[in-house]
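Q: 3D, please:
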Amino acid sequence: QVQLVESGGGSVQAGGSLKLSCAASGGIEDCVLGWSRQAGGKERELLSTINRFGATTYSSSLKGRFHVSRDNSKAKVYLQMNNLQADDTAVYYCRADCLGGSPITYWGEGTQVTVS
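A: Next comes the predicted model:
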């Protein structure tokens with residue numbers, strides 16, 4: 001059972017930066033880690049993923065403003081967010097897409113990011 005705990009959310013002015021962290025436990029060696037977000041009244045949106053070898057994917061909507069990284073030794077994944085804008089306001093969720101007997105996605109509880 002994988003557990004994910006996000007931190008680093010908060011309020012920031014437009015143009016500012018935040019770095020989110022996610023601590024994972026329960027065995028993530030075979031998991032692709034990443035981040036999604038959900039703004040009020042909208043569907044949850046996949047932002048970025050990173051596998052254990054460091055290969056990454058990004059949503060084209062981010063336009064190069066966000067950067068995902070992973071520290072396998074600490075079982076952590078990070079999301080550096082730059083030049084934040086008002087429409088980045090959302091709850092940000094850490095995710096782990098894990099292979100194994102049956103593929104399963106685990107979610108953290110989310111951290112609020114508010115850009116004004």
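
Q: Spatially central, which residue of the protein would that be?
A: In the chain, the centroid-proximal residue (Cα atoms, centre = their mean) is Trp35; its distance is 2.3 Å.

Q: In contact with that one, which residues?
A: 20, 22, 47-48, 68, 77, 79, 92-95 (Cβ atoms under 8 Å, 6 or more residues apart in numbering). For the C-beta atoms, the positions are set from N, CA and C on the backbone; glycine is no exception.

Q: Next: Asn82.
A: When contacts are counted by Cβ under 8 Å, 6+ apart, Asn82 is found next to 17, 65-67.

Q: Which single one of the residues you listed is nearest to Glu109?
A: For Glu109, the closest of the contacts of Asn82 turns out to be Phe66, at 20.4 Å, with distances computed as Cβ to Cβ.

Q: Just grab the bridge partners of the nearest residue to the closest one once chain neighbours are set aside for me.
A: Excluding the flanking residues, the one nearest Phe66 by Cβ to Cβ, 6 or more residues apart in numbering is Met81, at 5.1 Å. Going by DSSP bridges, Met81 is paired in beta bridges with Leu18, Phe66.

Q: Show me which positions of the helix or strand harbouring Leu33 end up buried.
A: Assigned by DSSP states H and E, Leu33 belongs to strand 31-38. Using 16 or more other Cβ atoms under 10 Å as the test for burial, strand 31-38 gives 31-37.

Q: now that strand, how far from the chain's geometric center?
A: For strand 31-38, the separation from the chain centroid amounts to 4 Å (computed by Cα atoms, centre = their mean, to the nearest Å).

Q: what ranges do the strands span in the chain?
A: Counting by DSSP state E, the segments of the chain that form strands are 3-7, 10-12, 18-25, 31-38, 45-50, 56-58, 66-71, 76-81, 90-98, 104-107, 111-115.

Q: Any chance of those in TSV with mean pLDDT as columns?
A: Converted to TSV, those look like this (pLDDT from 0 to 100):
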stretch	mean pLDDT
strand 3-7	97
strand 10-12	97
strand 18-25	97
strand 31-38	97
strand 45-50	97
strand 56-58	96
strand 66-71	96
strand 76-81	97
strand 90-98	97
strand 104-107	94
strand 111-115	98
